[in-house]
Structure formats: C-alpha cells, structure tokens
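Engineer: What shape does this take:
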Amino acid sequence: MNTPQPPASPLTVDPAGGCPHALNARLLAQGPVAEVILPGGVPGAVVLGHEELKEFLAHPDVAKDARHFADLREGRIAPDWPLRAFANAQGMHTADDEDHRRLRSLVGNAFGARQVERLRPGVEALTAELLDDLGRAAAADPDGVADLRRHFALPLPMAVICELLGVDPEHRGRLHELSHKVIIATDIPPAEALAAVRELVELLGAIAAARTERPGDDLTSALIATRAADGDRLSEAELIGTMRLMLVAGHETTLNLISNAVRALCTHPDQLALVRTGEATWSDVVDETLRWDGPVSWFPFRYPTRDLTLGTTVIPAGTPVLAGYTAAGRDERAYGPDAARFELTRDGARNLSFGHGAHFCVGAPLARMEATIALERLFTRFPDLTLAVPEPELPHQRSFIGNSVETLPVRPGADRPRSTDG
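Structural biologist: Now for the predicted structure:
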C-alpha cells in the first residue's frame, strides 16, 4: 500500500513529460494532492489520489471557467504563457452550471447510445479497410514492420469524428498536426504553440463557413443552424470552441487508448490469452487500459472557488489544478497493492479516465465502441501481432497531458484475411 511520506517542495512540471508512472508513484507516496510549478513558473496543483480526484471532479466548489483563475484574472500570467490556450478556450469544457448545460445539450444527442450504435457498421467497415492498409504497409517493408499509430490507431477515430463534424478529408492531416501542438505537445516553444492555436481557430472557422454555405447532415451544420435560429444559445467563439473540443477529444484520446491497449496486450500475452479463451472480454481490455495506462495523464484546468481541503491538503481558491488521471488509475488505496499490474479480471473502483460528474466525457460511448471494435478486429486479423522493438525503447509522447508513444512499430505477422460474406 502507499505509505505516506513527508511532503516535498513543489514539483516543477517538466514540459517534455514522458512516461508518468514512476513520477506518479513517487508523488502518491507523499500524498493524494501535490503542489506543482507549471511551465512558465505558474503555481498550481495536481490531484493524484483516486477518491480525492473523484471528489474534486464533482465538487460544487470547483469551476472550469478561467474567471476563477486568480493569477490570470489579476494579470500575473504572461501573454505567451504556453498553457494559456487551456484557460482561454470557450466551450462546454470550460463552462459551468447553466452555460455548461446549455452547450452540452447542443451536442449530447450526437453521442447518445442509439446514435453511437448507428455508427457501428461504418466503424467496422473503416476498421477493415485500415487493417488492409496496415497489412500492405508491413508487406512492403523488408522487415515486415508498420507503424500501427500511423496506419490504424490514428486514421480510425480521426475519420469518424471528422465525418460527424462534416470535415472534408483534405483537412484531416493538418487538423491532427495542429491539435497535437495545441493540446498534447507541451514542450514546444510558446510562439509555436500560439501560432498553432491561431491556425487551428482559422481552419475551424473556414470549415464552419463552408458548412454555412453548404449545410450537411453533420454536427457542425446542426450547431450552425442552432446559432442562426437562436444566437443566444451559441456564440461564434463557443461554436469554434465546441468544434475544437469535439475534434481533439474525438481522436487524440482514442488514438492513445488503442495504442496503449495494443502495447499492454503485446507485453502481457497471458492477458491476451484470457480474451481468446473467453475468460475476459474486449470491453475488459478497454476498461483496464483506461485504468492502467490511460490516454490522458494530467489534464488542465479546474479552479477551486474557495479554499478547498482534499485529504489533508488545502488548495487555495483560484489555483489552476490538474486532474491526475494516470496517477488515480494506479492508486493502491483504490485498486490494491497490485495496482501497477495489468490484469483484465481485476475487481476494484471504476476508473476515472473519462472524468466524473457533470463534465463526464460526452464522447465516452463512441470512444469505447471504436476501441473495442479496433482491438477485436486487429487481433483477429493478425493473431501473431508483436511489437517490432522492445516496449521500453518506444519513444514516449513529449507531454505531461497526453500519455502514449509517438510511434508504435509492429510486426503484424500472418494475415488472416477478413471475411467477405457480409
């Protein structure tokens, strides 16, 4: 079990991030909440413990609106602060109470269980096409290696969310590059990050303008129609902010989830065997990956609206606080002394990787469906799939927000062609 240690001085968050688990374990040994110094010298905190994070995420005295961010409100944050995009964004992810309910209601129906299930045939067909592409890429390589992120884990959720938003295929590559810089790559220079924010906003604005001229059966067109009918329900900034949220959350997290699950199964063949014998399910794989190696590590920001006590730690009002999802997933107090083990048949607390409370991820059903289909079809089509390099040598994302690897070279092995009988 975690043994409390004397509190340490505030941790200076490394913009380059890296695999978070050793750092999380060290911090959890000191307590469920840690003071940190964010990039740019801004004081903040991270909530690491499972129960403390669950309480924090749903606490009535915790806000998402940056007007509660004391240093920002009072002018003590530099204009080029690299994390300013998280505070300045407008959309349901930075709104509270009635504003949040208003904005969430505009997109919630698109991600309901019935609507998501209607997407299943298209996701299955796209998965099969991408597995063809993965097989061709490996066959064309002298060593039989292909990058699973490039050929499979990225294009699947990217295509699905762009189809939902009505984004034309020619924009998808650049949208991923920009969203990665804006949200995931926390080690890039501030000027480059701000330029990426501007370009992303401009590109989303151009996509919205195109949908205004040529409406379609997509979420962006529906949002624009709502704004045209009742401008009080959705401002221009909220429209772009909502599109940005849907785009980023709709593909970056699922990309990392699929990648992390493949790594976990390839390095734990005993657990993969449980799925193949029916002792565990592909849904179990998704859930355990979310807990054990979730796609998001420390996510910004929430702000206590009053001095808030979690455990024995007081977080002052107005502090920017990170949600430590990867730490909470391996908290021994919630999951036992073997919390660091990948185990599909584990009992324990429900993981928090999709959040908790009013801001629980609206796209969670879609992400679960995509990941479950992707993993089942991948390991059915390529039952001998292995990592092409030792797992510790895979380059980790240079981020303290995203949690995965930059590339995932695999050897798919013998190809079991997909059925053509429909």
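Engineer: going forward, measure contacts and count neighbours with C-alpha atoms only.
Structural biologist: Noted.
Engineer: okay, Asp232: pLDDT?
Structural biologist: At Asp232, the model reports a pLDDT of 65.
Engineer: Sorry, slip of the keys, the one I care about is His171.
Structural biologist: 92.
Engineer: and the gap between it and Ala206?
Structural biologist: Separation of His171 from Ala206 (CA to CA, to the nearest Å) stands at 10 Å.
Engineer: so what's Cys266 up against?
Structural biologist: Contacts for Cys266 (CA atoms under 8 Å, 6 or more residues apart in numbering) come out as Leu272, Leu385, Thr386, Leu387.
Engineer: what ranges do the helices span in the stretch 301-422 of the chain?
Structural biologist: Ranges of helices in the stretch 301-422 of the chain, per DSSP state H, counting those that start in this stretch, are 325-329, 332-335, 364-381.
Engineer: Pick the most deeply packed of those helices.
Structural biologist: Mean neighbours per residue, mean count of other CA atoms under 10 Å, is largest over the helices of the stretch 301-422 of the chain for helix 325-329, with a mean of 31.
Engineer: Just the C-alpha atoms of that one, please, in PDB.
Structural biologist: Taking Å, rounded to 0.1, in the frame of the first residue of the first chain, the C-alpha atoms of helix 325-329 are listed here in PDB:
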ATOM      1  CA  TYR A 325      -5.800  10.600 -14.300                       C
ATOM      2  CA  THR A 326      -2.900   8.200 -14.700                       C
ATOM      3  CA  ALA A 327      -2.000   8.600 -11.100                       C
ATOM      4  CA  ALA A 328      -5.500   7.900  -9.900                       C
ATOM      5  CA  GLY A 329      -5.600   4.800 -12.100                       C
END
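Engineer: what about it, average pLDDT?
Structural biologist: 98.
Engineer: swap in stretch 104-122?
Structural biologist: 87.
Engineer: Make 737 the first number, not 1, from now on.
Structural biologist: Understood, numbering begins at 737; the last thing we discussed is stretch 840-858.
Engineer: how about the CA coordinates for it, as PDB?
Structural biologist: Extracted in PDB, the C-alpha atoms of stretch 840-858 (Å, rounded to 0.1, in the frame of the first residue of the first chain):
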ATOM      1  CA  ARG A 840     -23.700  20.200 -23.600                       C
ATOM      2  CA  SER A 841     -27.300  19.900 -24.700                       C
ATOM      3  CA  LEU A 842     -26.400  21.000 -28.200                       C
ATOM      4  CA  VAL A 843     -24.000  18.100 -28.800                       C
ATOM      5  CA  GLY A 844     -25.200  15.400 -26.300                       C
ATOM      6  CA  ASN A 845     -27.700  13.800 -28.700                       C
ATOM      7  CA  ALA A 846     -25.000  13.100 -31.300                       C
ATOM      8  CA  PHE A 847     -23.200  10.900 -28.800                       C
ATOM      9  CA  GLY A 848     -26.100   9.100 -27.200                       C
ATOM     10  CA  ALA A 849     -26.200   5.300 -27.100                       C
ATOM     11  CA  ARG A 850     -28.600   4.900 -30.000                       C
ATOM     12  CA  GLN A 851     -26.800   7.400 -32.200                       C
ATOM     13  CA  VAL A 852     -23.400   5.800 -31.500                       C
ATOM     14  CA  GLU A 853     -24.800   2.400 -32.300                       C
ATOM     15  CA  ARG A 854     -25.900   3.700 -35.700                       C
ATOM     16  CA  LEU A 855     -22.200   4.400 -36.400                       C
ATOM     17  CA  ARG A 856     -21.100   0.800 -35.800                       C
ATOM     18  CA  PRO A 857     -21.400  -0.500 -39.400                       C
ATOM     19  CA  GLY A 858     -19.300   2.400 -40.700                       C
END
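Engineer: what element comes up after the helix or strand of the chain with the lowest mean pLDDT heading to the C-terminus?
Structural biologist: One helix or strand of the chain scores below all others by mean pLDDT, DSSP states H and E: helix 955-965, with a mean of 84. Where DSSP states H and E defines the elements, the next helix or strand beyond helix 955-965 is helix 972-1003.
Engineer: how far out from the middle of the chain is the helix or strand that comes right after that next one?
Structural biologist: Note on helix 972-1003: by DSSP H and E, the next helix or strand toward the C-terminus is helix 1005-1012. Centroid separation for helix 1005-1012 versus its chain: 26 Å, with CA atoms, centre = their mean, to the nearest Å.
Engineer: Give me the angle between helix 1005-1012 and helix 972-1003.
Structural biologist: 110 degrees (axes from the mean of the first three to the mean of the last three CA atoms, to 10 degrees).
Engineer: Now do the next helix or strand after helix 1005-1012: which elements does it pack against?
Structural biologist: Using DSSP H and E, the helix or strand that follows helix 1005-1012 towards the C-terminus is helix 1018-1028. Judged by 3 or more CA pairs under 8 Å, 6 or more residues apart in numbering; DSSP states H and E, helix 1018-1028 is in contact with helix 972-1003, helix 1061-1065, helix 1100-1117.
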